[in-house]
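1. here is a sequence together with a model predicted from it:
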Amino acid sequence: MALDLHKYLNLFVGEAGEHLAAFAKDLVHLEEAARQGGGAGARDAIDSCFRHAHSVKGMSASMELDAISALAHRVEDLVDVFRKDPARLEAPAIDLLLSAGDVLEDMVQSAGARESPHPDTAMLERLAEATRRLREGPRPDPRERRERPEPVRPAEAVGLPPAPEPRPEPPRADARGAARRVQIDVEIAGSCPVPAVRAFLVVKKLSATGTVARSTPSVDDLKAGRIPGKKLQVLLDTAEALQAIERALAQISDIAAVTLREAAEERAAPVSAPARDGTSAPEATRTVRVRTEILDDFLDAVGELILATARIREVGRTLPQGHRAALDEGVDRLHSIVKDLHDKVMTVRMTPLAVVAEQLPRAARDVARKLGKQIEVEVKGAEIELDRALLEELSDPILHLLRNAVDHGVELPHLRLLAGKPATGRVAIHARRDRDRVVLEISDDGKGMDPARLRHAAVARGALTQEQADALGDREALLLACLPGISTADVVTDVSGRGVGLDAVKRTVESVGGTLEIDSAPGTGSRVTLRLPLTVAVQPVLLVRVADEVLGLPIAKVHGAAQVLMSRLDRTRGAPVLLYDGELVPVHDLDRLLGFPPGARDDRSVVVAEGGDGRVGLAVDALLGQQEAVLKPLGTPLDCVPGLSAVTVLGSGRPVFILDVQRLLVA
């Protein structure tokens, strides 16, 4: 019955990582709840921390990772002190638990790299000492601890409703505890992604307490991944007490319920437990973990299908009219299927913002503790989903903006009190959907940013002349913080600094098709707004012709278009402007911006698009229509050309560059 546990390492690393991330999040919430007086919120956070620590302990024990299991058990012991008496909760203990969580995360990653995690003796001792001190009891004998493990029921350990009480063990005439047959019914949790593996581990654990007479499903079925209804029944010949068997099963996570009883007679098949309402329990929704690389390859393949469909449509246009009807019908059907397939793949790739947002309260708390500040973090809209690839690009910029807000935005407690503010600063991360885009706002109630100081810093740095700085409005002046080396911070720290890295944040946001805005005023705090697309893989683009070139503009950045005579446009400071939607929009010749020979035609199409400082008009020779484009990143040296963001291929096989309007205008 040997089982190759290495094949489940990726699953273990993923699940343990999720538990540890939630553990850290709950500790931060626990700290906030304790600061506000505790209550039910603190108790819920403590119970959740205990469940996560117990799950990591059980999973690592099942994987035979004893060093991780031992450390998680010490963490569980310390949290259990707070479960029994929440009044003993203290800040140093939370700091210690957060540090232990970080150590556990490092050990899990080492295990994922197929390295043997080494026990952290110092952390084990610190946890043990804290547990002894908070319990205020005599130091237990280590031998007694080994001989008398803590009786924890499996249902209580995973935070689920307790299983039915086992029947009391009848007195036996044989004082030596002769072996008898015990029936164990186990229900695997519905959220468990590999129930057959969990069931196999149950059988393996039970075999250490006696002899497995029969299991239903059989061991071979479990190895093949078959476990109908996620229910397991084992007949065990054992001399162990029922409580000892329960303690053995408590080491395995993802067990929903366990029922033990002495078997009066053998049963051929397990009895399915009815649901609470008396009806048969429905089959739980099945999920499977898929490597992100497979999803990326799948999306690339779907993108190629879209291009191939467009190519077939182009070839069909060369056929005689009498033969095109059937081909067009088939191509339309193929396009519909491919588009539906693409939408389903994108749905799988969509990831909630919570994947990034859940890490932010812990990060803010760590920075605040280091700087002697008090911070509350509010997260709203974490359920909103974006493309996983986009979230991966934005995780570091979002974290940088948060650290900036805590470090150089929120004041020290005594300065906030002098300014008439609460001692505890507030940072808010709000997300919402706006049509086909996601708006993410990171705001604080700190000292704010001074546009005048930013103008002065830009002039002193040589980035602007005094005349250029004076001509900027406050909103444009705030964006000077995104220029390299521009900062108004009084003290440069190793945590963050406005102007240190904001240029990289802005570049990253714009590289995925988003925009960055800053709103602030001295004394009132700051708000950074990111407007982001939902996905960066396949986007609708507007095709335009300039000279002999075909170029693309993302539809998300296009507000509209107009046919105009360039000679009849009004002019402001010598530059043409177009009255569009009640607003004067500056018009630029796209051929001149790209270095093409200027066109001789006066009749031009003007595309009104979103620029860096508002709407701009781009004069082109012709509009060629809208098309779904599979965007490919630019390689070297094209990625260094200002104004180009990606490339796609038309159905005719012609490559088309996608323009980045903002970078094009500042180039």
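-> Sure thing, it's come through.

2. and the stretch of helix or strand residue 331 belongs to, how far from the chain's centre?
-> Using DSSP states H and E, residue 331 sits within helix 321-349. Helix 321-349 sits 32 Å away from the centroid of its parent chain (CA atoms, centre = their mean, to the nearest Å).

3. which other helices and strands contact it?
-> helix 292-316 (3 or more CB pairs under 8 Å, 6 or more residues apart in numbering; DSSP states H and E). (C-beta placed from N, C-alpha, C; glycine too.)

4. contacts only, for residue 24.
-> If you count contacts by CB atoms under 8 Å, 6 or more residues apart in numbering, residue 24 has them with 98, 101, 359, 362.

5. next, the buried residues of the helix holding residue 331.
-> 331, 335, 338, 339, 342, 345, 346, 349 (16 or more other CB atoms under 10 Å).

6. ok, residue 520 - contacts?
-> Per CB under 8 Å, 6+ apart, neighbours of residue 520: 448, 449, 478, 526, 527.

7. using PDB, list the CA coordinates for whatever helix or strand it lives in.
-> Using DSSP H and E, residue 520 sits in strand 515-521. Output of strand 515-521 as PDB, limited to C-alpha atoms (Å, rounded to 0.1, in the frame of the first residue of the first chain):
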ATOM      1  CA  THR A 515      -4.200  54.500 -16.700                       C
ATOM      2  CA  LEU A 516      -3.100  56.000 -13.400                       C
ATOM      3  CA  GLU A 517      -4.500  59.200 -11.800                       C
ATOM      4  CA  ILE A 518      -3.600  61.000  -8.500                       C
ATOM      5  CA  ASP A 519      -5.900  63.200  -6.500                       C
ATOM      6  CA  SER A 520      -4.600  64.900  -3.400                       C
ATOM      7  CA  ALA A 521      -4.400  68.100  -1.400                       C
END
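
8. strand partners of that strand, parallel vs antiparallel please.
-> Each strand paired with strand 515-521, and its direction, by DSSP bridges: strand 525-533 (antiparallel).

9. using PDB, list the CA coordinates for the strand it pairs with.
-> Taking Å, rounded to 0.1, in the frame of the first residue of the first chain, the C-alpha atoms of strand 525-533 are listed here in PDB:
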ATOM      1  CA  GLY A 525      -4.900  62.600   2.100                       C
ATOM      2  CA  SER A 526      -4.300  61.100  -1.300                       C
ATOM      3  CA  ARG A 527      -6.100  58.900  -3.700                       C
ATOM      4  CA  VAL A 528      -4.400  56.900  -6.500                       C
ATOM      5  CA  THR A 529      -6.900  55.600  -9.100                       C
ATOM      6  CA  LEU A 530      -6.000  52.800 -11.500                       C
ATOM      7  CA  ARG A 531      -8.300  52.100 -14.500                       C
ATOM      8  CA  LEU A 532      -7.600  48.600 -15.700                       C
ATOM      9  CA  PRO A 533      -8.900  46.400 -18.500                       C
END
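
10. and residue 134, how many neighbours?
-> 16 (other CB atoms under 10 Å).

11. and it, how far from residue 125?
-> 15 Å (CB to CB, to the nearest Å).

12. related to what we said a few turns ago, give me the lowest-pLDDT entry from the contacts of residue 24.
-> By pLDDT, residue 359 ranks lowest within the contacts of residue 24, coming in at 82.

13. what's the helix or strand for the residue lying closest to it once chain neighbours are set aside?
-> Using CB to CB, 6 or more residues apart in numbering and skipping the chain neighbours, the partner closest in space to residue 359 is residue 21 (6.9 Å). Applying DSSP H and E as the criterion places residue 21 in helix 9-35.

14. in that helix, what's buried?
-> So helix 9-35, judged by 16+ other CB under 10 Å, has buried residues 9, 12-13, 15-17, 19-34.

15. hmm, back to that, name the nearest of the contacts of residue 520 relative to residue 507.
-> Here the nearest of the contacts of residue 520 to residue 507, counting by CB to CB, is residue 478; it sits at 17.1 Å.

16. surely that closest one and residue 451 touch.
-> Yes: counting by CB atoms under 8 Å, residue 478 does reach residue 451; the two are 5.7 Å apart.

17. could you pull out the buried residues of stretch 221-234?
-> Neighbour-count burial for stretch 221-234 flags 221, 222, 227, 229, 230, 231, 232, 233, 234 (criterion: 16+ other CB under 10 Å).

18. could you do stretch 408-426 as well?
-> 408, 409, 410, 411, 413, 416, 421, 424, 425, 426.

19. which residue comes closest to the third one once chain neighbours are left out?
-> Put plainly, it is residue 410. Residue 410 sits nearest to residue 425 (CB to CB, 6+ apart), 3.3 Å away.

20. so how far is residue 58 from the one you found?
-> In terms of CB to CB, residue 425 sits 39 Å off from residue 58.

21. what's the answer for residue 521, then?
-> Separation of residue 521 from residue 58 (CB to CB): 53 Å.

22. the more surrounded of these two?
-> More neighbours surround residue 58 than the other of residue 521 and residue 58, with 25 against 13 (other CB under 10 Å).

23. which pLDDT value goes with the more buried one?
-> Residue 58 is given a pLDDT of 82.

24. now the element after the helix or strand harbouring it, going C-ward?
-> Element membership for residue 58, per DSSP H and E: helix 40-62. Next in sequence after helix 40-62, counting helices and strands by DSSP H and E, comes helix 66-84.

25. stretch 227-235: end-to-end distance?
-> Using CA to CA, to the nearest Å, one end of stretch 227-235 lies 16 Å from the other.

26. same question, stretch 584-604
-> 18 Å.

27. distance of residue 527 relative to residue 327?
-> Taken as CB to CB, the span from residue 527 to residue 327 is 54 Å.

28. re earlier: surely the residue nearest to residue 410 meets residue 416?
-> Yes: counting by CB under 8 Å, residue 425 touches residue 416, with 6.7 Å between them.

29. which neighbours do the two have in common?
-> With CB under 8 Å, 6+ apart, residue 425 and residue 416 have common neighbours residue 410.

30. wait, which of the buried residues of stretch 408-426 is closest to residue 609?
-> Once CB to CB is applied, the member of the buried residues of stretch 408-426 that ends up nearest residue 609 is residue 409, at 32.3 Å.

31. which non-adjacent residue is nearest that closest one?
-> By the measure of CB to CB, 6+ apart, the closest residue to residue 409 outside its immediate chain neighbours is residue 446, 3.5 Å from it.

32. dump the residue contacts of the one you found.
-> 405, 408, 409, 410, 411, 425, 525, 526.

33. ok, now with 7 Å
-> When contacts are counted by CB atoms under 7 Å, 6 or more residues apart in numbering, residue 446 touches 405, 409, 410, 411, 425, 525, 526.

34. which strands and helices sit next to the helix or strand hosting residue 543?
-> Using DSSP H and E, residue 543 maps to strand 538-546. Contact here means 3 or more CB pairs under 7 Å, 6 or more residues apart in numbering; DSSP states H and E; on that basis strand 538-546 packs against strand 549-554, helix 590-594, strand 614-620, strand 622-630.

35. give me the sheet partners of it and which way each runs.
-> Going by DSSP bridges, the partners of strand 538-546 are strand 549-554 (antiparallel), strand 622-630 (antiparallel).

36. quick check: next helix or strand after the first one?
-> Secondary structure here is assigned by DSSP H and E; on that basis, the next helix or strand after strand 549-554 toward the C-terminus is strand 558-565.

37. that following strand to strand 538-546, inter-axis angle?
-> Between strand 558-565 and strand 538-546, the angle comes out at 10 degrees (axes from the mean of the first three to the mean of the last three CA atoms, to 10 degrees).

38. in strand 558-565, which residues are buried?
-> The neighbour-count check on strand 558-565 (16+ other CB under 10 Å) flags 558, 561, 564 as buried.

39. next secondary structure element downstream of the helix holding residue 331?
-> Moving toward the C-terminus from helix 321-349, the next element (DSSP H and E) is strand 350-352.

40. what's next to that next one, contact-wise?
-> Here strand 350-352 has contacts from 382, 383, 384, 385, 386, 387, 388, 391, using CB under 7 Å, 6+ apart.
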